[in-house]
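Undergrad: following is a predicted model, sequence given first.
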Amino acid sequence: MVEQKLKVTLLTGRTIEQGVGKEKGKASKEYFDACSMCYMDADDMKKLGVKNNTNILVSTPDGSVVLKAVKYPRSATPGLIYVPYGPWANAVCSDKTTSIGMPSFKGTPAEVEPAPNKQVLTIEELLKSEFGR
Amino acid sequence: MSIVKSVTCPICGCLCDDIELTVENNEVVKVKNGCAICESKFIGYRGEHRIKTPLMRKNGKLVPVSMNEAVHAAAEVLANSTYPILYGWSSTSSEAQRVGVELTEEVGGIMDNTAVVCHGPSILGVQEVGIPTCTLGQIRHRADLIIYWGCDPWSAHPRHLERYTSFTEGRFEKSEWKAYMQKLKAQAGQKKMQSAMRIESGRTQLRPQTCSIPGMPQTMSKDGRKLIVIDVRKTMSAEMADYYIQVEPNKDYELMQALRVLVRDGELDVDKVAGVPVEYLKQVADALVNCEFGVIFFGMGLTQTAGKFRNVEVAISLVRDLNMRTKFSIMPMRGHFNVTGANVVSAWQTGYPYGVDFSLGYPRYNPGETTCMDVLLREENDASLVIAADPGANFPKKAIENMVKHPLIVIDPHMNATSMLGDIVFPSAFVGIEVEGTAYRMDHVPLPLKKVVEPPKGILSDEEILTKILAQVKLIKSKKTAKKAEA
Ligand code: SF4
C-alpha cells in the first residue's frame, strides 16, 4: 500500500559531489545538484510511491524543504534519509545544541512525503525565502 | 609554462603536500596527484563565482564600493557593537587567524571557529580524558589495523586512505590496494554468477543485510593491514573495508561501551548491541586486541549524533583500554584544511581552542554559553564578521535568521551563501594559491602553503584585510577615548 507520509531519521553529511561543488562555487550548478537532493532507501521510496529523481518534501519541527529523492545505491537504509551538508539540509536541521555549541546535524526525526508538483528552490530563492535577502 | 612541485592542497585536513601544478599565464591549467575536490578548487577558483570588488548593501542590494569605504564601514560596525561574533577562520592561514584574535580582543567579541560545528565535541572529549595520538607518518608506516568510525574518507578526505592508511606503501606495512582490486574482481565475478542464477530461478534475491552473515568474514583473518569501517550506512569507504559494521543511528555510544567490555574480557548478556550481533563484536574485539598498532579515525558520525562529546570521550576510553593490551591511537578527521590551526592559534593566544569570549576584556571559554551558535540562538549578538567559512550554508536556519538581523561583514574569495546575505563583503585572495601561509594538518603538523599565482589586481589577503580593519578600529576607539577625556 502506498503511504502518504513516512517517519524517518534525518542524517546530514558530506558527499564527494558536495565537496567538488563547494570548491567550484556555492552558486554553481554542481553545488545545487549535489546538495539539493536526498538519499532514500529503495523500499521506503516504494512505500511512498516516490520514483527515483522525483521531488519530495522533507519536514521537521524546524522547517521543511523540497528535495530531489535519489535511491541510495550502496545498501538498504530503511528509515534513514541522507541530505548532503548545505543550505537545503540546514532548512530542516535541528538547532538544539544540547548546551555544548553543536547543533544536532545527524539523527533528527523527520517526515517525508511525495511532492511531485513542488519545485526545488535554487540557493538564491532559498536564501530569499528564508532570510529575505 | 612552469611546473610547481610539492604544493600543499588547501582544502581538507589531509593537507596533501605532493600536488604538482602547471601554471600558464598566471593561471593553474593542470593539477597532478590531487583528488577530484582538489582539482575542482585549483581549476575552478578563478571561475565566475569570484567576488571582484568590495561590496556593500545599499537599498537592499549589494553594490560595488571602494576598499576604503568598506574598511571604514566594517570598522565602524565592529567598534560600535557590544557583542560581535567573529566566526570562521578555518580556511585561512594561521597568520590571518592571529590577527583575528587581536581584532576580537580589541572589539570585545566572541572568536569562534568552525570546530564548533564539526570537532568541537571532540575537543571537549579530549579535555575530559586526554588523547593518545600520533602523527599520520607513524600510521602510514606502522599501523596494521585502521578503523574509520562515523566518517567516510572516500567522500570527505579522498586521499586519506591512499596517503596515510590502508592504500599507502609504508616502511613496515604494505599497501592493500592490489588486494582490494582483486577482491573487487572476485566480487564482480560473483555478482555475475548471482544474477545469472536469479534469471535462472526467476526470483529476486533478498538484499544482503550487514552483520547477519553467520561466522567470521574471511577477510578478518587475512594478512596485512585490516580496514574496519563503522557507520550507520554503507558508504563508499565501507565498501572498501575488510569489515563493515552497520550501527543503528544514535547508538555509537552503546556499541563502543560494549567493545570496551569485550576488550576487557567481560561478558555481555544480550544478543545484540546497537543492532550488531554480540558474536560479531567479539570477533572485532579480538581483531583489535591482536593487532600490533591500531588507530581509530572518527568523524561527524560521533560528534553530531546523540551523545556528541560523550561519544568521543568513550572512543578515547576504548583506545585507553586497548593500550593495556596492545598499541592504539585515535585521531579526529578534521575537515577544513586549517581548522586544526584555528584551534591551535586560538589556544596559544588565548588559552582556549574555540568559542572564546572577550567581552569582559579577558578571554573566557564556556562551550554552550560562549560558542557562537548559542549566542546566535539566544539573540545576544549585535554584529558579525564571517571569514573563511560559510555559516549561511552550514548553520541551522534559526541561527542565520538572527545573524542577518544585525550588520554582517563577510570576507571570502567566493560569492557563497554568507556573502549573498552579507552587508559588507570583502573579496579576498585564495590562501595556498594566491598567498602563502601556514596551515596545520589534522595531526597537528604545520605545513607551508604556497603562492603559485598572483591574485587579481586589487584583491588583498585575509591577513591584509583584517590588519586594515584592525588599524581602523583602533583609530576609532582612540578618537572615542580622546573625546571622553576632553569631556
Ligand atoms: S585529500 Fe584533501 S588535501 Fe588531499 S588532495 Fe584531496 S582535498 Fe586536497
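TA: Happy to help now that I have it.

Undergrad: okay, and the nearest residue to A:K5 once chain neighbours are set aside sits in which element?
TA: Ranked by CB to CB, 6 or more residues apart in numbering or on different chains and with sequence neighbours excluded, the top spatial neighbour of A:K5 is A:E113, at 4.7 Å. To be clear about C-beta, it is placed using only N, CA and C from the backbone, and glycine gets the same treatment. Applying DSSP states H and E as the criterion places A:E113 in strand A:106-114.

Undergrad: quick check: end-to-end length of stretch B:31-42?
TA: From its first residue to its last, stretch B:31-42 covers 7 Å (CA to CA, to the nearest Å).

Undergrad: how about that stretch and the ligand, touching?
TA: Yes. Using CB under 6 Å from any ligand atom, we find that stretch B:31-42 touches the ligand at B:34-35, B:37-38.

Undergrad: just the buried subset of those residues, please.
TA: When those are checked for burial by 16 or more other CB atoms under 10 Å in any protein chain shown, the buried set is B:34-35, B:37-38.

Undergrad: from those, which land in helices?
TA: Here DSSP state H is the test, and those give B:37-38 as lying in helices.

Undergrad: of the buried ones among the residues of stretch B:31-42 next to the ligand, which ones also sit close to chain A?
TA: B:I37 (CB under 8 Å from any CB of the partner chain).

Undergrad: which members of the buried ones among the residues of stretch B:31-42 next to the ligand are the farthest-apart pair?
TA: B:G34 and B:I37 (7.9 Å; CB to CB).

Undergrad: hang on, the earlier thing: now the strand holding A:E113: buried residues?
TA: Of the residues in strand A:106-114, those buried (16+ other CB under 10 Å) are A:106-108, A:110-112, A:114.

Undergrad: and B:A179, what is it in contact with?
TA: B:222, B:224 (CB atoms under 8 Å, 6 or more residues apart in numbering or on different chains).

Undergrad: what helix or strand is it on?
TA: B:A179 is part of helix B:177-201, with elements assigned from DSSP H and E.

Undergrad: check which helices and strands the following helix or strand past that helix sits against.
TA: Using DSSP H and E, the helix or strand that follows helix B:177-201 towards the C-terminus is strand B:226-231. With contacts defined as 3 or more CB pairs under 8 Å, 6 or more residues apart in numbering or on different chains; DSSP states H and E, strand B:226-231 has these neighbours: strand B:145-149, helix B:236-240, strand B:243-246, helix B:278-290.

Undergrad: quick one: which of these is nearest chain A?
TA: helix B:236-240 (6.4 Å; CB to the nearest CB).

Undergrad: state the distance from the closest residue to the ligand within the stretch 51-200 of chain B to chain A.
TA: Proximity of the stretch 51-200 of chain B to the ligand (CB to the nearest ligand atom) peaks at B:R159, 3.6 Å away. With distances taken as CB to the nearest CB, to the nearest Å, B:R159 is found 12 Å from chain A.

Undergrad: isn't that residue right up against B:C16?
TA: Yes. Using CB atoms under 8 Å, B:R159 is in contact with B:C16, at 5.4 Å.

Undergrad: now the strands for the stretch 301-450 of chain B?
TA: B:327-332, B:356-357, B:364-365, B:384-387, B:408-411, B:424-426, B:437-440, B:446-449 (DSSP state E, counting those that start in this stretch).

Undergrad: for those, which one sits closest to A:K26?
TA: Per CB to CB, nearest to A:K26 of these: strand B:408-411, 12.1 Å.

Undergrad: parallel or antiparallel, list what pairs with the closest one.
TA: strand B:384-387 (parallel), strand B:424-426 (parallel) (DSSP bridges).

Undergrad: which element is residue 22 on?
TA: Reading this off chain A. Assigned by DSSP H and E, A:K22 falls in helix A:16-24.

Undergrad: ah, no, chain B please
TA: B:T22 belongs to strand B:19-24, assigned by DSSP H and E.

Undergrad: ok, that strand near chain A or not?
TA: No. Shown here: strand B:19-24 not in contact with chain A (CB under 8 Å from any CB), separated by at least 13.7 Å.

Undergrad: could you point out which element follows that strand?
TA: That would be, after strand B:19-24 and using DSSP H and E, strand B:27-32.

Undergrad: got the buried residues for that next one?
TA: Going by 16+ other CB under 10 Å, strand B:27-32 has these buried residues: B:28, B:31.

Undergrad: swap in stretch B:60-72?
TA: With burial defined by 16+ other CB under 10 Å, the residues of stretch B:60-72 counted as buried are B:62, B:65, B:67, B:70-72.

Undergrad: now swap in stretch B:470-487 and tell me
TA: Applying 16+ other CB under 10 Å to stretch B:470-487 flags B:470, B:472-473, B:477 as buried.

Undergrad: swap in stretch B:115-133?
TA: B:115-126, B:131-133.

Undergrad: and what of stretch B:135-155?
TA: For stretch B:135-155, by 16+ other CB under 10 Å, it's B:136, B:138-140, B:142-155.

Undergrad: now do stretch A:100-117, average pLDDT.
TA: For stretch A:100-117, mean pLDDT rounds to 88.

Undergrad: now stretch B:278-285
TA: Computed over stretch B:278-285, the average pLDDT equals 92.
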